[in-house]
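Chemist: here is the input, now give the coordinates:
(2 chains)
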Amino acid sequence: MTKSNKPVVWGLFAAGGTVAAFVIPVLILVTLLAVLGHAPPGLSYERLQPLLAGWTGKLIAFVVISLSLWGSAHRLRITFHDFGVRADRAVAALVYLAAGAGALLTVFYLLRI
Amino acid sequence: MAESQMTPRTYVREVPPTRWYFRHPRYMRYIAREVTCIFIGAYTALLIVGVAQLSRGSAAWEALLAALQAPASIAFHLVALAFALYHTITWFNVTPKALPVQIGEHIVPAWTIVAAHYAVWVVLSMVILLAVGVL
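Modeler: Below is the predicted model of the structure:
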């Protein structure tokens, strides 16, 4: 049987899209409240920092951020094609490297909280 | 014109590569669904910035919250919320086709799977809103 990387790439995209579908709207809503000047108490440094100081919080934050990022990256690669850009290998390298870099940055900063 | 001297030419339909989706409402809905990734990706980048600022201490975090109150930020969040909701709706609607659940000879009807997704989504959102202090 021919081996392909597609299942891994698509699987991460499926996971990312699912995670994004479930949590991103409510997260944007919470951020929107802060943006409008009505930041909820849970967004204060005193409440948020302890949540992300523990390993559970770090793990959840890493999973949500990195999977959403990969899901968006994969879809963005296809969107480039929809908009007429045909250099798929270059686009794929660009978006997946960006998603990987984002995930690494997330780990880097999470470890410092 | 002597037709016996013409080489047969395949017909290539003209499709504008950057504007084809304007031609039909279904194409527009598809492009709207695909473009959601730009806004979700941008918001995820903002989450990374948030984690970075949180790691730098209270002053950096407050500075981020203050900077986010700019008008451009308000506009972005409103648009991003709309696109994120569109992603959620289209994603849930496609899930039964992407991952059909078969029990014996019986395939679980699509509406069951979609309704379950919405139910979990609503409950999860309320839990998060409760935890953050909005509700």
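Chemist: got the contact list for stretch A:35-45?
Modeler: Residues outside stretch A:35-45 that contact it (Cβ atoms under 8 Å, 6 or more residues apart in numbering or on different chains): A:30, A:33-34, A:47-48, B:54, B:57-58, B:61-62, B:65, B:68-69, B:73-74, B:77, B:131-134. Quick note: C-beta positions are derived from backbone N, CA and C, even for glycine.
Chemist: in it, which residues are buried?
Modeler: Neighbour counts over stretch A:35-45 (16 or more other Cβ atoms under 10 Å in any protein chain shown) mark A:Val35, A:Ala39, A:Pro40, A:Gly42, A:Leu43, A:Tyr45 as buried.
Chemist: same deal with stretch A:42-58?
Modeler: Across stretch A:42-58, burial judged by 16+ other Cβ under 10 Å covers A:Gly42, A:Leu43, A:Tyr45, A:Leu48, A:Gln49, A:Leu51, A:Leu52, A:Gly57, A:Lys58.
Chemist: and the helices in chain A?
Modeler: Per DSSP state H, chain A carries helices over the ranges A:6-35, A:45-53, A:55-82, A:88-110.
Chemist: ok, back up a step: mind putting the buried residues of stretch A:42-58 into JSON lines with pLDDT?
Modeler: Putting the buried residues of stretch A:42-58 into JSON lines (pLDDT from 0 to 100) gives the following:
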{"residue": "A:Gly42", "pLDDT": "91"}
{"residue": "A:Leu43", "pLDDT": "92"}
{"residue": "A:Tyr45", "pLDDT": "93"}
{"residue": "A:Leu48", "pLDDT": "93"}
{"residue": "A:Gln49", "pLDDT": "93"}
{"residue": "A:Leu51", "pLDDT": "92"}
{"residue": "A:Leu52", "pLDDT": "93"}
{"residue": "A:Gly57", "pLDDT": "95"}
{"residue": "A:Lys58", "pLDDT": "96"}
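Chemist: between those residues, which sits nearest chain B?
Modeler: Taking Cβ to the nearest Cβ as the measure, A:Gly42 is the one of these closest to chain B, at 3.4 Å.
Chemist: which residues of chain B score low on pLDDT?
Modeler: Applying pLDDT under 70 to chain B picks out residues B:1-5.
Chemist: hmm, back to that, show the buried residues in the contacts of stretch A:35-45.
Modeler: Members of these classed as buried by 16+ other Cβ under 10 Å are A:Val30, A:Leu33, A:Ala34, A:Leu48, B:Leu54, B:Trp61, B:Leu65, B:Leu68, B:Ser73, B:His77, B:Val132, B:Val134.
Chemist: save those as JSON lines, and put in distance to B:Val12 too.
Modeler: As requested, these are arranged in JSON lines below (distance: Cβ to Cβ, whole Å):
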{"residue": "A:Val30", "distance to B:Val12": "50"}
{"residue": "A:Leu33", "distance to B:Val12": "52"}
{"residue": "A:Ala34", "distance to B:Val12": "52"}
{"residue": "A:Leu48", "distance to B:Val12": "57"}
{"residue": "B:Leu54", "distance to B:Val12": "54"}
{"residue": "B:Trp61", "distance to B:Val12": "57"}
{"residue": "B:Leu65", "distance to B:Val12": "55"}
{"residue": "B:Leu68", "distance to B:Val12": "49"}
{"residue": "B:Ser73", "distance to B:Val12": "46"}
{"residue": "B:His77", "distance to B:Val12": "44"}
{"residue": "B:Val132", "distance to B:Val12": "55"}
{"residue": "B:Val134", "distance to B:Val12": "55"}
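Chemist: quick check, nearest of the residues you listed to B:Ala32?
Modeler: Closest to B:Ala32 out of these is B:His77 (18.1 Å), distances taken as Cβ to Cβ.
Chemist: quick one: contacts for the closest one?
Modeler: B:His77 is in contact with A:Ile28, A:Thr31, A:Leu32, A:Val35, counting by Cβ under 8 Å, 6+ apart.
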